[in-house]
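Chemist: sharing a model that was predicted from the sequence below.
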Amino acid sequence: MSYLEKLLNGVEVEWKPLGEISEIYGGLKGKSKADFEKGNAKYVSYKNIFFNLNVKCDILETVKIAESENQHEVKYGDVLFTGSSETPEEVGMSSAVTTNIDEPVYLNSFSFGVRFNKEIKLIPEFSKYLFRSKLMRSEISKTASGVTRYNVSKARFKKLNIPIPPLSVQKEIVRILDSFTELTAELTAELTAELTARKKQYDYYREKLLSFEEGDVEWKTLGEVVTTISAPAKVKREAYSENGKIPIIDQGVDFIAGYINDTIPVVPVGEYVIFGDHSEHIKYVNFAFVQGADGLKILKSKGVNTKFLYYAFLNFYKKELSYKRHWSTAKETQIPIPPLSVQKEIVRILDSFTELTAELTAELTAELTARKKQYEYYRDLLLTFPKNKIE
């Protein structure tokens, strides 16, 4: 006998279609861009719903609402859903309102809310888990239709049957899952802190290794020790693929942005320092690749160890953190030029630190993934109710 069966203790779980036990209401209507610039009222954003099990009332956004407007207000106990997404698997993500709201709060236009009838006994703390479970997510995704963007069909959504276990069972499931959620959050915080500490340690040693007394080495600007290479071809973002023969390098945060299989001229095998003219991301590449999109500076070293140049650029460049072209400033970055033998030794040490950091990151990421899967496994076990009775 499973733990859920013991909890139910032979009690049948009622299943009811959403359309019969709730009111479904829409988000804000008739709003212009200007209404969101200086608002006098609060609303729940699409992201607030998508990324949270329960609505975070401390990060509400603002919108202008006139007294004469008839807009739906969000209430305690409601479950909010995103109305569309780029994939059917992510459509209809839910977030329950578990906080008593003492002021008018509205819902963004790309979402909708579900308010259960008074006689339906579903506590929002239970709803936040139920509608994110594998059981309900698989059914919600079936209500979506579309080609490039998928939208929830309200007609199909209303036909979804949901389980309504006894309140005592709901509360016990909430107690268990809240404990799992808290433990997962604590582990995430601990592992994130560990990663942050290792990164600071790595940055410290890199800075120490690249610190030279005045007069010990020659300093040159980055622009003096590199040549800018023009890629023979560029790939538009819509042509990126998850798999392929030729890697695509662009100015995004990901080291490899995607792949392409087409016969296309590549930047030949060599050692390069890559700079994102808008993003300010710095990369070291030593293989053939295709440039993705625009805004990429491909730098070829002149007489300096390329990997050393990469580490020095990474260390001494001061990011402006603004969306504009940065190369005119970046190329003025001062780079120390010790003898080649010293450059190679610094590269050897920093490569070792980089490898150790990457290994630790992989281990901690795997640990987080395993714990997340474990949590989801037990959550789904507790929320997979037998369909003994469908009204």
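Modeler: Looks like it arrived, so ask away.

Chemist: residues near F116, how many?
Modeler: Residues within reach of F116, counting by other Cβ atoms under 10 Å, total 20. Every C-beta, even on glycine, is put in place using the N, C-alpha and C of the backbone.

Chemist: check contacts around it.
Modeler: Going by Cβ atoms under 8 Å, 6 or more residues apart in numbering, F116 touches 21-22, 77, 122.

Chemist: try it again at 10 Å.
Modeler: When contacts are counted by Cβ atoms under 10 Å, 6 or more residues apart in numbering, F116 touches 16, 18, 21-23, 77-79, 122, 124, 127, 162, 164.

Chemist: quick one: buried ones out of the residues you listed?
Modeler: 16, 18, 21-22, 77-79, 122, 124, 127, 162, 164 (16 or more other Cβ atoms under 10 Å).

Chemist: what residue of the chain is the furthest out?
Modeler: G215 (46.3 Å; Cα atoms, centre = their mean).

Chemist: got the confidence number for that residue?
Modeler: We note a pLDDT of 81 for G215 in this prediction.

Chemist: just I390 next, same as before
Modeler: 41.

Chemist: cool, L364 as well?
Modeler: 84.

Chemist: got any ranges where the stretch 251-391 of the chain has weak pLDDT?
Modeler: 388-391 (pLDDT under 70).

Chemist: before we move on, what about the stretch 1-150 of the chain?
Modeler: Using pLDDT under 70, the flagged stretches of the stretch 1-150 of the chain are 1.

Chemist: contact partners for the residue nearest to I65 when sequence neighbours are not counted?
Modeler: Closest residue to I65 apart from its sequence neighbours, by Cβ to Cβ, 6 or more residues apart in numbering: A41 at 4.2 Å. Contact analysis of A41 by Cβ under 10 Å, 6+ apart lists 28, 35, 60, 62-66, 69, 71, 73, 103-106.

Chemist: which stretches of this protein form helices?
Modeler: Secondary structure of the chain (DSSP state H): helices at 3-8, 18-21, 46-50, 124-130, 134-141, 154-158, 167-209, 222-225, 306-316, 327-330, 340-382.

Chemist: got a list of what E61 touches?
Modeler: Applying Cβ under 10 Å, 6+ apart, the residues near E61 are 36, 39, 42-45, 47-48, 106, 108.

Chemist: please repeat the previous calculation with a cut-off of 6 Å.
Modeler: Taking Cβ atoms under 6 Å, 6 or more residues apart in numbering, we find E61 in contact with 43, 45.

Chemist: beta-bridge partners for it, please?
Modeler: Y43 (DSSP bridges).

Chemist: check which residues of stretch 226-233 are buried.
Modeler: 226, 229, 231.

Chemist: look up how far E224 lies from the residue lying closest to the second one once chain neighbours are set aside.
Modeler: The spatially closest residue to I229, leaving aside those adjacent along the chain, is I298, at 4.2 Å (Cβ to Cβ, 6+ apart). I298 sits 17 Å away from E224, taking Cβ to Cβ, to the nearest Å as the criterion.

Chemist: between the two, point out the one with more neighbours.
Modeler: I298 (20 against 14).

Chemist: how close does the more buried one sit to D178?
Modeler: 51 Å.

Chemist: how about V44?
Modeler: V44 is 22 Å from D178, by Cβ to Cβ.

Chemist: now do N151
Modeler: Distance from N151 to D178, by Cβ to Cβ: 32 Å.

Chemist: which of those two has more neighbours?
Modeler: When neighbours are counted by other Cβ under 10 Å, N151 and D178 differ, and N151 comes out ahead with 16 against 13.

Chemist: so that one bridges to which residues?
Modeler: Beta-bridge pairing for N151 (DSSP bridges): S84, S145.

Chemist: name the residues of stretch 191-211 that are buried.
Modeler: Per 16+ other Cβ under 10 Å, stretch 191-211 contains these buried residues: 191, 198, 202, 206, 209-210.

Chemist: kindly apply the preceding question to stretch 93-106 instead.
Modeler: Within stretch 93-106, the residues that count as buried by 16+ other Cβ under 10 Å are 93-98, 101, 105-106.

Chemist: and the residue nearest the centre of the chain?
Modeler: F51 (8.6 Å).

Chemist: how much space between that one and T82?
Modeler: 10 Å.

Chemist: repeat for E355
Modeler: 40 Å.

Chemist: tell me which of those two has more neighbours.
Modeler: Neighbour count, other Cβ under 10 Å: between E355 and T82, T82 has more, with 21 against 10.

Chemist: can you pull the contacts of the more buried one?
Modeler: 46, 49-50, 93, 111.

Chemist: check N48 too.
Modeler: So N48 contacts 55-56 (Cβ under 6 Å, 6+ apart).

Chemist: kindly report the same for L209.
Modeler: So L209 contacts I346 (Cβ under 6 Å, 6+ apart).

Chemist: contacts for stretch 124-142, please.
Modeler: Contacts for stretch 124-142 (Cβ under 6 Å, 6+ apart): 53-54, 77, 79, 88-89, 92, 94, 96, 98, 160, 170, 174, 177, 380, 383-384.
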